[in-house]
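*Asks:* Sequence first, predicted model second:
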Amino acid sequence: MTCRRATHAGSWYSDSSKELGKQLDNWLNASELIHGPARAIIAPHAGYSYCGACSAFAYRQISPVVVQRVFILGPSHNVRLAGCALSTAVKYSTPLYDLKIDTNVYTDLDATGQFERMNMSVDEEEHSIEMHLRSYSFFQ
């Protein structure tokens, strides 16, 4: 099983599950539900010290009762892509938990011919999607 490591943990955000969990709890608890339940959000993907509270506000607008499937999209900062790419990972690791990817959805997306596969080294160098994975743990 190909697992994508949390390569930005310890620099862009805490690699301590206890510390990270506390930060997320604080940010989410400080965020009001004023636009929800949202079916789509746009949230920043910078280091948590810069955008943790803003990102938590966006995620707070999601109701796990309403949302049954989550798609996380992110730009590629390091490799030029002609279109969209999918990871080769079937699991993403974070300091809080491991997130299993729905490979059936990957198969369906691949079948469209509109996606290429991003190799693991390119995936692990990119931060945009990794920065959202920790917020998702609160909606599982």
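*Replies:* Great, that's in hand.
*Asks:* Give the other helices and strands that the helix or strand bottoming out on mean pLDDT in the chain contacts.
*Replies:* The weakest-scoring helix or strand in the chain, judged by mean pLDDT, DSSP states H and E, is helix 130-136 (a mean of 81). If you count contacts as 3 or more Cβ pairs under 8 Å, 6 or more residues apart in numbering; DSSP states H and E, helix 130-136 packs onto helix 17-29, helix 48-60. Every residue, glycine included, has its C-beta placed from N, CA and C.
*Asks:* what comes up buried for the last one?
*Replies:* In this case it means helix 48-60. Residues of helix 48-60 classed as buried by neighbour count (16 or more other Cβ atoms under 10 Å): 48, 51-52, 55-60.
*Asks:* can you dump the C-alpha coordinates of it into CSV?
*Replies:* Output of helix 48-60 as CSV, limited to C-alpha atoms (Å, rounded to 0.1, in the frame of the first residue of the first chain):
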residue,chain,number,x,y,z
TYR,A,48,-0.6,26.9,10.1
SER,A,49,1.0,29.8,11.9
TYR,A,50,-0.1,32.0,9.0
CYS,A,51,-3.5,30.6,8.2
GLY,A,52,-4.6,28.0,10.7
ALA,A,53,-7.4,30.2,12.1
CYS,A,54,-8.7,31.2,8.7
SER,A,55,-8.6,27.6,7.4
ALA,A,56,-10.4,26.4,10.6
PHE,A,57,-13.2,29.0,10.0
ALA,A,58,-13.7,27.6,6.5
TYR,A,59,-13.8,24.0,7.7
ARG,A,60,-16.2,24.9,10.6
